[in-house]
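>>> Only the shape, not the letters, is given here:
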């Protein structure tokens, strides 16, 4: 099986600013209860826009099995 990229958030370091959610073109990222960003990995297409938009650099693209 081919590997795909998915966004992963370091929730302990997330500042919940919402920049990642605004950058996601399909709405796969949301700020959960004003505490941290959460990624719906089922919807994430691995474009990396959330990672680039994060001012705290707490989102990384991770290789996962498809």
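Now that the structure is in, tell me what you want to look at. Fair warning: this is a prediction, and the values are worked out from it, not measured in the lab.

>>> how about the helices in the protein?
19-23, 49-53 (DSSP state H).

>>> Strands of the protein, start to end?
Using DSSP state E, the strands assigned to the chain run over residues 3-9, 29-32, 36-39, 59-65.

>>> Direction included, what does the last one pair up with?
Strand pairing for strand 59-65, using DSSP bridges, gives strand 3-9 (antiparallel).

>>> in the strand it pairs with, what's buried?
Using 16 or more other C-beta atoms under 10 Å as the burial criterion, the residues of strand 3-9 that qualify are 5, 6, 7, 8, 9. The C-beta positions use only the backbone N, C-alpha and C, and glycine is treated the same way.

>>> Could you measure from residue 54 over to residue 65?
Residue 54 is 24 Å from residue 65, where distance means C-beta to C-beta, to the nearest Å.

>>> Centroid-nearest residue for this structure?
Central residue of the chain (C-alpha atoms, centre = their mean): residue 7, 4.2 Å from the mean position.

>>> mind listing what it touches?
20, 28-29, 39, 41, 44, 46, 48, 50-51, 59-62 (C-beta atoms under 8 Å, 6 or more residues apart in numbering).

>>> Residue 50 now?
7, 20, 21, 23, 24, 29, 37, 39, 59.

>>> for residue 61, same thing?
By C-beta under 8 Å, 6+ apart, the residues touching residue 61 are 5, 6, 7, 8, 46, 48, 51.

>>> Let me see the confidence value for residue 65.
Note on residue 65: pLDDT of 80.

>>> picking up where we left off before, Throw the strands of the chain into a markdown table and include distance to residue 15, thanks.
As requested, those are exported to a markdown table (distance: least, C-beta to C-beta, whole Å):
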| stretch | distance to residue 15 |
| --- | --- |
| strand 3-9 | 11 |
| strand 29-32 | 10 |
| strand 36-39 | 8 |
| strand 59-65 | 11 |
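
>>> Leaving out chain neighbours, which residue sits closest to the residue nearest to the centre of the chain?
residue 39 (4.6 Å; C-beta to C-beta, 6 or more residues apart in numbering).

>>> what residues are up against the one you found?
Per C-beta under 8 Å, 6+ apart, neighbours of residue 39: 6, 7, 8, 9, 28, 29, 50, 59.
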